[in-house]
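Trainee: Next input, structure requested:
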Amino acid sequence: MRHHDLVTWFVACHASAAAIALVLGAVNLIGRPQGDRTHRGIGAVWVVAMYWVVLSSFAIKDLRPGHFSWIHGLSVFTFVTLSIGLWAALTGRPLRHRIFMTGSYFGLIGAFIGAIAVPSRELPQLSVHHPGQLVAGIAVNLALAVLILRLAGLTVPFRRVPDGGAPRQG
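Mentor: Numbering: from 1, shown residues only. The predicted structure is shown next:
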């Protein structure tokens, strides 16, 4: 496999894991009871996806070809915050867990905005030159996220809102 092909593969896997983490993180943060079995199952997949996003970023050196850039510093920071959040969950510190995982998720959102806001980056280029591939990739990642949610036992990711418009209590 040529170096360029390997980097392309890492970028695709990195972006896919990030897309899945965006969906799963949103489901766990919004409209889900915290700490139940489903939350933990979705969270476990989210943590694995996030670690892959962080670790695979070190194989991607597009901003400074052949060298690490400031974005890799964010990857190190995210690795630390993600690890602290995981440690907090495993040792029964729910407030610390929530703070670090929420921060890690918002960092993921920031990285996503950075990935789509710079025209020379992969996603904007793909949307211009190969929009069909981008749409197919989005569809596959959403399907995988839905499959993960279903396997976690979640059939409806958000609480239903009754006709009155206010969320049900309890």
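
Trainee: tell me the centre residue of this protein?
Mentor: With the centre of the chain defined as its mean C-alpha position, the nearest residue by CA atoms, centre = their mean is Ala21, 2.3 Å away.

Trainee: And what about it, helix, strand or coil?
Mentor: Three-state secondary structure (criterion: DSSP: H, G, I helix; E, B strand; the rest coil) places Ala21 in helix.

Trainee: these two touch, right, it and Met50?
Mentor: Yes. Assessed by CB atoms under 8 Å, Ala21 is found in contact with Met50 at 5.3 Å. The C-beta positions use only the backbone N, C-alpha and C, and glycine is treated the same way.

Trainee: joint contacts of these two?
Mentor: Jointly contacting Ala21 and Met50 under the rule CB atoms under 8 Å, 6 or more residues apart in numbering are Leu108.

Trainee: Once you drop chain neighbours, what's closest to the residue nearest to the centre of the chain?
Mentor: Taking CB to CB, 6 or more residues apart in numbering, and ignoring the residues beside it in sequence, Ala21 has Ala49 as its nearest neighbour in space, at 4.1 Å.

Trainee: Which residues are in contact with the one you found?
Mentor: With CB under 8 Å, 6+ apart as the criterion, the residues that contact Ala49 are Ala17, Ala18, Ile20, Ala21, Leu24.
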